[in-house]
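>>> This is a predicted model, with the sequence first.
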Amino acid sequence: MAQACSAHGLCGRNAICVYQPSLRCLCVPGHETVDRHDWRQGCRPMYSVPNCSQAAPPEQRFKFVEVPHTDFYGYDVGYNASSDTFEHCKKLCLEMCSCAAFSYRPFEGRGVCYLKGFLYNGYTSPNFNGNIYLKQAEHTQLARGRVQDGHGPIQEVHVPGTQGRDGELQGRARPGRLRRRVPRRARQREGGGREEADERGGGDEEFWAEMTLIGRINHINLVRIWGFCSQGKHKLLVYEYVENESLDRHLFDTDRTTLPWRERYRIALGTARGLAYLHHECLEWVVHCDVKPENILLTREFDAKIADFGLAKLSKRDSAAGDSMPLSHMRGTTGYMAPEWALNVPINAKVDVYSYGVVLLEMVMGCRVCDQTTAGGERLEMSQIAQALRQVVATGNVVPLVDGRLQGQFNPRQALEMVRISLSCMEDRTNRPTMDDVAKALTACDDEDEHPAYR
């Protein structure tokens with residue numbers, strides 16, 4: 001339950017995550033759901049919120065409603081370790097206009113007072129030895145600790161969307177089925193759901209890993225999750241809908257319109273920025289472990305959004321393992337996996353760098369790098385491909401490497417830089433750049449307004 005309810009903003013504002021026996025979102029006392037089909041919108045008060053500037057004393061305008069075994073993590077507006085009594089903590093919240101609730105916990109002979117500015121990231125667990133006290137209008141008639149049940153066990157999930165073309169959503173995972181559902185009352189957002197079952201091994205582990213991880217992160221180049229359901233063997237992740245399918249469809253499908261150079265470079269830069277965020281900016285250190293064109297979704301404007309975090313691994317930045325982590329089994333897709341996966345050594349973020357290098361090269365060449373063969377039809381090893389590419393780069397002319405379908409409509413300077421970066425990404429891991437370095441290098445070469453290929 002702790003894993004399931006730890007996703008940031010899972011149930012929205014003024015709501016709590018509970019597990020009884022299946023996971024569900026509930027409104028706190030005195031509140032009702034904004035939208036039963038979208039819990040991220042949370043709950044709204046069923047009473048008029050008093051004005052803090054009113055003349056009446058706060059104790060006449062407000063009261064506190066106790067909700068047992070419940071807490072809201074984050075959004076503390078005050079922390080007072082010297083509040084040695086419950087009443088003092090209560091008084092602090094009462095007199096602070098921005099205080100929405102408080103919790104009080106005895107600690108080493110004195111009390112610790114936590115004042116909450118927002119009721120967000122709430123959870124209830126019988127194992128939690130603490131209560132939350134909600135600040136509400138005095139004349140609100142509520143039963144102590146009663147919460148509003150949003151719905152019973154989930155049988156169907158409605159994904160908000162706009163009326164549009166039918167068909168399956170992109171971002172398909174190996175074990176899951178991805179579907180699009182459009183309710184009768186169309187909305188401005190679109191969503192996709194991936195349904196998973198437990199017939200395969202490791203289903204629970206991968207599902208909770210993806211749900212917990214992607215629920216915490218927020219970046220323009222990472223796909224957003226709207227919610228999830230878990231009931232028995234049935235599991236469902238609900239993502240935002242990304243209109244232009246996945247990168248592999250545009251690079252390798254010869255029946256489609258050729259992906260222009262401008263979009264390729266934008267996708268390369270966006271993917272690099274998304275990975276750099278995972279590696280360097282998240283509170284926890286995140287390794288995706290399966291970077292490939294199928295997991296790069298494209299928006300209507302062809303901006304990149306990294307998807308499928310089912311194999312991702314995260315670790316505390318201050319962990320004893322430093323910048324590496326032990327993994328019990330290989331992860332990833334053949335052709336994009338770094339050599340160290342087969343060496344039984346601790347893994348770090350450089351495995352994503354290697355995979356990105358392969359994808360970057362494929363964006364230049366317009367074909368699967370791992371499918372390259374000799375004149376005799378034998379498949380080339382990645383080391384052989386890299387060696388041949390270095391010889392081409394040494395000449396300073398990479399035109400022969402660029403996707404011929406572009407018919408010369410590309411930026412040669414950018415193409416050369418992309419091939420150079422891809423080769424550096426496929427070096428031994430001690431010599432590979434970081435994704436932050438890669439993003440900076442691509443940004444420095446981004447001159448889309450100056451080249452005729454962009455006009």
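Great, that's in hand.
>>> tell me which element the nearest residue to residue 264 once chain neighbours are set aside falls in.
Excluding the flanking residues, the one nearest residue 264 by Cβ to Cβ, 6 or more residues apart in numbering is residue 363, at 4.8 Å. (Glycine included, C-beta is placed from N, CA and C.) Per DSSP states H and E, residue 363 falls inside helix 350-365.
>>> residue boundaries of the helices in the stretch 301-450 of the chain?
Listed in chain order, the helices of the stretch 301-450 of the chain (DSSP state H, counting those that start in this stretch) span 350-365, 382-395, 412-425, 435-444.
>>> lowest-confidence stretch among those helices?
Of all the helices of the stretch 301-450 of the chain, the minimum mean pLDDT falls on helix 382-395 (a mean of 91).
>>> Show me what that helix is packed against.
helix 412-425 (3 or more Cβ pairs under 8 Å, 6 or more residues apart in numbering; DSSP states H and E).
>>> The helix it packs on vs helix 350-365, what angle?
Here the directions of helix 412-425 and helix 350-365 differ by 150 degrees (axes from the mean of the first three to the mean of the last three Cα atoms, to 10 degrees).
>>> List the buried residues in helix 412-425.
414, 415, 416, 417, 418, 419, 421, 422, 423, 424, 425 (16 or more other Cβ atoms under 10 Å).
>>> Would you check that the first one makes contact with residue 441?
The one in question is residue 414. No. Residue 414 is beyond contact range of residue 441, at 10.8 Å (criterion: Cβ atoms under 8 Å).
>>> Can you add distance to residue 225 and give the buried residues of helix 412-425 back as TSV?
Conversion of these to TSV gives the following (distance: Cβ to Cβ, whole Å):
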residue	distance to residue 225
414	33
415	35
416	38
417	34
418	30
419	34
421	30
422	30
423	34
424	33
425	28
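>>> From these, pick the one nearest residue 359.
residue 422 (8.3 Å; Cβ to Cβ).
>>> quick one: that closest one and residue 132, what's the gap?
Distance of residue 422 to residue 132, computed by Cβ to Cβ, to the nearest Å: 52 Å.
>>> ok so, going back, what's the burial count for the residue nearest to residue 264?
24 (other Cβ atoms under 10 Å).
>>> same question, residue 72
26.
>>> Spatially nearest residue to it, not counting backbone neighbours?
Nearest to residue 72 is residue 122, by Cβ to Cβ, 6+ apart, at 4.5 Å.
>>> need the contact list for that neighbour.
11, 14, 15, 16, 17, 28, 70, 71, 72, 132 (Cβ atoms under 8 Å, 6 or more residues apart in numbering).
>>> ok, now how distant is it from residue 113?
For residue 122, the distance to residue 113 - Cβ to Cβ - is 18 Å.
>>> likewise residue 304?
45 Å.
>>> again with residue 121
Separation of residue 121 from residue 113 (Cβ to Cβ): 19 Å.
>>> Tell me the spacing between the closest residue to residue 137 other than its chain neighbours and residue 27.
Spatial nearest neighbour of residue 137, excluding adjacent residues (Cβ to Cβ, 6+ apart): residue 47 at 4.8 Å. Distance of residue 47 to residue 27, computed by Cβ to Cβ: 13 Å.
>>> Partner strands of the helix or strand encompassing residue 115 and their direction?
Per DSSP H and E, residue 115 falls inside strand 110-116. Applying DSSP bridges, strand 110-116 is found paired with strand 76-80 (antiparallel), strand 101-107 (antiparallel).
>>> Run a quick neighbour tally on the spatially closest residue to residue 403 that is not a sequence neighbour.
In this structure, residue 403 finds its nearest non-sequential neighbour in residue 366, 3.0 Å apart by Cβ to Cβ, 6+ apart. Residues lying near residue 366 (other Cβ under 10 Å) number 19.
>>> Kindly report the same for residue 369.
Based on other Cβ under 10 Å, the number of other residues close to residue 369 is 22.
>>> Report the contact partners of it.
335, 358, 361, 362, 382, 385.
>>> Serialize those residues to JSON lines and add fields for neighbour count and distance to residue 7.
Listed next are the contacts of residue 369 as JSON lines, based on neighbours: other Cβ atoms under 10 Å; distance: Cβ to Cβ, whole Å:
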{"residue": "335", "neighbour count": "14", "distance to residue 7": "32"}
{"residue": "358", "neighbour count": "24", "distance to residue 7": "31"}
{"residue": "361", "neighbour count": "23", "distance to residue 7": "35"}
{"residue": "362", "neighbour count": "25", "distance to residue 7": "33"}
{"residue": "382", "neighbour count": "20", "distance to residue 7": "37"}
{"residue": "385", "neighbour count": "17", "distance to residue 7": "40"}
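>>> which one among these gets closest to residue 63?
Nearest member of those to residue 63, counting by Cβ to Cβ, is residue 358, at 61.2 Å.
>>> Quick check: the closest one touching residue 335?
Yes. Using Cβ under 8 Å, residue 358 is in contact with residue 335, at 6.9 Å.
>>> shaky segments in the stretch 1-150 of the chain?
For the stretch 1-150 of the chain, residues meeting the criterion pLDDT under 70 lie at 1-4, 19-22, 50-51, 53-55, 78-84, 107-109, 139-150.
>>> quick revisit: of all the helices of the stretch 301-450 of the chain, which one is nearest residue 100?
helix 435-444 (37.7 Å).
>>> Can you mark which positions in the closest one are buried?
435, 436, 437, 438, 439, 441, 442.
>>> Which residues are in contact with the fourth one?
The neighbours of residue 438, taking Cβ under 8 Å, 6+ apart as the test, are 272, 276, 353, 356, 421, 425.
>>> want to try a markdown table for the residues you listed, with distance to residue 396 as columns?
Converted to a markdown table, these look like this (distance: Cβ to Cβ, whole Å):
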| residue | distance to residue 396 |
| --- | --- |
| 272 | 23 |
| 276 | 28 |
| 353 | 25 |
| 356 | 24 |
| 421 | 15 |
| 425 | 20 |
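>>> Pick the one among these closest to residue 295.
Closest approach to residue 295 among the contacts of residue 438 (Cβ to Cβ): residue 356, at 11.2 Å.
>>> Which pLDDT value goes with the closest residue to that closest one other than its chain neighbours?
Distances taken as Cβ to Cβ, 6+ apart put residue 291 closest to residue 356, at 5.4 Å, once the chain neighbours are dropped. Note for residue 291: predicted pLDDT of 96.
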